[in-house]
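1. Dropping the sequence and predicted coords here.
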Amino acid sequence: MLFAWLHRYPFFRLLGPLIVGIYCSDELIFQGQSGWVASCVFPLFFSFLGILMLSSFQKCYSRRWIFGVVLFFFCFVLGFMRMNCQMQAVEFAFGSEETTYRMFLVEEPQIKERNVFCRVLLTERIDSSYRKTTLNHKAIVYLSRDSLSECLGCGDELIAYTGFSTPANNGNPDEFDYARFLFRHQVSAIGNVHTGKWRRISQDAVHSFRQKAFDCRERVLAIYRHLGFQGDDFAVLSALTVGYKEGLSEEIRESFSVSGSSHVLALSGLHIGFLYALLCFGFVYGGCRGVGGQWRCCVPY
């Protein structure tokens, strides 16, 4: 049954070697052995590509398996190379000394008890000799909480004097591999910025599609707050409708996990939007007479 299904959808057979290649590259990267392996994989990639092209022109039926074997190895090497290139783009030697960085806030800052958690995109580094280095790395910045840091928003451009370090674990047994988690999310470094060592040089400087989406989400959250939602009600409602999960407490996450319905929190505004569009389409265009006509008057716009 399984083989018949694979023959019906042959492209799914290529996912196996592709996933294995990604997994092997991920394991070798975090074991510090990706350098010499990558130098061997690149020649293999072009070798398999050449063999794949040559075998496609041969019409010998007895050698048809060569094309399949080479294609499997090609998908494996492709997944390995793709993962290796993505992870190498995250690595950068920031150094331990403090210097000046220019950065953009890519998400809304999260106000904590003593600091403000910011996800930023580092765009430039200026050293003591005023030499500028162009960057394109994601980082996490903790700003000291004050009246200025609480007023920051997504898209603001900052200039800060600080030092960055690569993510590292505490070394406790059986702890969550937070460094690996950040590395997979392409976070290159973590930095702490004290009061008086940063300045906002432009407000709402980024107008990308992602920024506009975050602005729309903030307007929806503001409407929820205006309607009186707060606490756990606001956290669950915002998580289900617009995918904002920062307000969820550990108790709520644990309760959803124990009840086996944690997948409900994976819903986002996109899914709710699809459901709303389907309901609107069915109610509005389902008919103008009878029951359809009654529902047509009830659909809000």
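-> Sure thing, it's come through. The model shown is predicted, which means the values in this text are computed figures rather than measured ones.

2. So for stretch 152-162, mean pLDDT?
-> Mean pLDDT, computed over stretch 152-162, is 88.

3. Pull out the buried residues from that stretch.
-> Buried residues in stretch 152-162, counted by 16 or more other C-beta atoms under 10 Å: 152, 153, 154, 155, 156, 157, 158, 159, 160, 162. From N, CA and C alone the C-beta is placed, and that goes for glycine too.

4. State which helix of the chain is the longest.
-> Longest helix of the chain, by residue count under DSSP state H: helix 64-90.

5. for that one, packing partners?
-> Judged by 3 or more C-beta pairs under 8 Å, 6 or more residues apart in numbering; DSSP states H and E, helix 64-90 is in contact with helix 12-30, helix 34-57.

6. Give me the next element, helix or strand, following that helix.
-> Using DSSP states H and E, the helix or strand that follows helix 64-90 in sequence is strand 99-105.

7. Export that following strand to CSV, keeping only CA atoms.
-> In CSV, the C-alpha atoms belonging to strand 99-105 read as follows (Å, rounded to 0.1, in the frame of the first residue of the first chain):
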residue,chain,number,x,y,z
THR,A,99,31.4,49.3,19.8
THR,A,100,28.7,51.2,18.0
TYR,A,101,26.0,49.3,16.1
ARG,A,102,23.1,50.5,14.0
MET,A,103,20.0,48.3,14.2
PHE,A,104,16.3,48.1,13.3
LEU,A,105,13.5,46.7,15.6
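
8. Give me the pLDDT for residue 202.
-> 84.

9. Which residue is the nearest non-sequential neighbour of it?
-> residue 157 (4.3 Å; C-beta to C-beta, 6 or more residues apart in numbering).

10. can you tell me which residues contact the one you found?
-> 102, 103, 104, 105, 200, 201, 202, 203, 205, 206 (C-beta atoms under 8 Å, 6 or more residues apart in numbering).

11. rewinding a little: hey, least reliable of the helices and strands packed on helix 64-90 by pLDDT?
-> Among those, helix 34-57 carries the lowest mean pLDDT, a mean of 66.

12. which one is the most centrally placed residue in the chain nearest to, not counting chain neighbours?
-> For the chain, the residue sitting closest to the mean C-alpha position, by C-alpha atoms, centre = their mean, is residue 185 at 5.7 Å. Closest residue in space to residue 185, ignoring its immediate chain neighbours: residue 138 at 7.7 Å, by C-beta to C-beta, 6+ apart.

13. OK, contacts around the one you found?
-> Going by C-beta under 8 Å, 6+ apart, residue 138 touches 90, 106, 119, 120, 121, 122, 185, 186, 187, 188.

14. So what pairs up with it in the strands?
-> residue 121, residue 187 (DSSP bridges).

15. Flag every buried residue along stretch 190-199.
-> Using 16+ other C-beta under 10 Å as the test for burial, stretch 190-199 gives 190, 191, 193, 198.

16. Any chance you could list what contacts it?
-> So stretch 190-199 is contacted by 101, 115, 139-144, 146, 158-167, 182 (C-beta under 8 Å, 6+ apart).

17. Now, these that are in strands?
-> Using DSSP state E, the subset of the contacts of stretch 190-199 located in strands is 101, 115, 139-144, 158-162, 164-165.

18. from these, which single one is nearest residue 69?
-> Comparing the ones in strands among the contacts of stretch 190-199 against residue 69 with C-beta to C-beta places residue 139 closest, at 43.1 Å.

19. Please give me every residue in contact with the closest one.
-> Listed by C-beta under 8 Å, 6+ apart, the contact set of residue 139 reads 103, 119, 120, 121, 122, 164, 187, 188, 189, 190, 191.

20. Using CSV, lay out those residues together with distance to residue 81.
-> Output for the contacts of residue 139, formatted as CSV (distance: C-beta to C-beta, whole Å):
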residue, distance to residue 81
103, 30
119, 28
120, 29
121, 25
122, 26
164, 28
187, 22
188, 20
189, 25
190, 28
191, 31
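
21. Distance of residue 283 relative to residue 96?
-> 62 Å (C-beta to C-beta, to the nearest Å).

22. wait, residue 202
-> Distance check for residue 202 against residue 96: by C-beta to C-beta, it reads 29 Å.

23. The two: which is more packed in?
-> residue 202 (12 against 7; other C-beta atoms under 10 Å).

24. what about residue 282, neighbour count?
-> Neighbours of residue 282 under the rule other C-beta under 10 Å: 13.

25. shift numbering so it begins at 586
-> That works, and once the first residue is 586, the last one we named lands at residue 867.
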